[in-house]
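Undergrad: Need coordinates for the below:
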Amino acid sequence: SLFWDGFHVTPKARKVGDEAGGLCREHAPNHDVSLKDIETVRKLARAVHLDKTCHYGSEATVFFLGALREENYAAIPLIVSPSCKAEKGPQLAATITLIMNLYEIYAKPYLGPLFMTSTDGDGVYRAAQHELLTRETPVFGTPLHTALSSLEGFNMTCGKNQVVFGPDPKHVVKRE
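TA: Residues are numbered from 1 along each chain as shown. A predicted model of the protein is given here:
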C-alpha cells in the first residue's frame, strides 16, 4: 500500500547533492536549484527572500510503502517532499500518479501489485485521492468487484489498476 502524511519541517535550505534542497515542490521546479556557481545561488536567494517566487518548505509530505497486516505493520519512508502548502488536489494527484506509475515499473515485480492508498483527513490529500481513485469501476468478476458488489450502497469506484483508497491505519489506531 502507498501511504502519505504531512509533517512539520524547519523551513530552511539544505544541500542535497549538488542542489539546494528544502525548497517547496510547488515553486522550486520554476527555478535553477543547482549549486553550480555563485550567481545561480544568488538568483535562487533573490527568488526566496526578495521576489517570493519560491519558498522554503514548511511541511514535508512523506510517502511510505507498507504491507497491511495485523502483526509487524511497518510503513517504510520512500519519498520526503517539502511543501509551502500552496498545492491543491490536482497538483498532488499528478505527483501521486508519478509515484504510482514508477511503482508499477520498479516495485511491483518485487512487492506485488499496489492495491490501496491511504492518508489522513487533510483536504488536499483527500482531494488528490478522490481525483485519482474514483475514475473507474472494478472489472466484472475480479476479486475487487466481487467483494464490493455485495456491499449495498457502497462506492463501486477505484483507480487505475483497481487501486482503492482507505483510511490511514495510524490514524485509526490513534482513535481507538
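
Undergrad: switch to C-alpha atoms for all contacts and neighbour counts from now on
TA: Fine.

Undergrad: Which single helix of the chain contains the most residues?
TA: Identified as the longest helix of the chain according to DSSP state H is helix 89-102.

Undergrad: Contacts for the helix or strand just after it next, please.
TA: Next along the chain after helix 89-102, taking DSSP states H and E as the criterion, comes helix 108-111. Contact with helix 108-111 is made by residue 114, as judged by CA atoms under 8 Å, 6 or more residues apart in numbering.

Undergrad: Distance from the chain centre to helix 108-111, please.
TA: Computed by CA atoms, centre = their mean, to the nearest Å, the chain-centroid distance of helix 108-111 equals 19 Å.

Undergrad: Same question for stretch 29-47.
TA: Between the centre of stretch 29-47 and the centre of its chain there are 26 Å (CA atoms, centre = their mean).

Undergrad: What residues sit buried inside it?
TA: For stretch 29-47, a neighbour-count test (16 or more other CA atoms under 10 Å) marks 33, 34, 35, 41, 43, 44, 45, 47 as buried.

Undergrad: same thing with stretch 5-20?
TA: 5, 6, 11, 13, 20.

Undergrad: And stretch 85-104, by the same measure?
TA: Buried-residue list, stretch 85-104, by 16+ other CA under 10 Å: 89, 90, 92, 93, 96, 100, 103.

Undergrad: and the gap between the closest residue to the fifth one other than its chain neighbours and residue 21?
TA: Read that as residue 96. Once flanking residues are discounted, residue 96 sits nearest to residue 128: 8.0 Å by CA to CA, 6 or more residues apart in numbering. The spacing between residue 128 and residue 21, counted by CA to CA, to the nearest Å, is 24 Å.

Undergrad: With residue 79 instead?
TA: In terms of CA to CA, residue 79 sits 13 Å off from residue 21.

Undergrad: Compare neighbour counts for these two and give me the winner.
TA: Higher neighbour count among residue 79 and residue 21: residue 21, with 20 against 14, using other CA atoms under 10 Å.

Undergrad: in this protein, which spans are strands?
TA: Here the chain has its strands, by DSSP state E, at 2-8, 14-16, 19-21, 59-66, 75-83, 116-119, 164-167.

Undergrad: Could you list the single helix or strand in the protein with the lowest mean pLDDT?
TA: helix 169-175 (a mean of 60; mean pLDDT, DSSP states H and E).

Undergrad: circling back to that earlier point, and which of the buried residues of stretch 5-20 is nearest to residue 60?
TA: Nearest to residue 60 among the buried residues of stretch 5-20, counting by CA to CA, is residue 6 at 5.5 Å.
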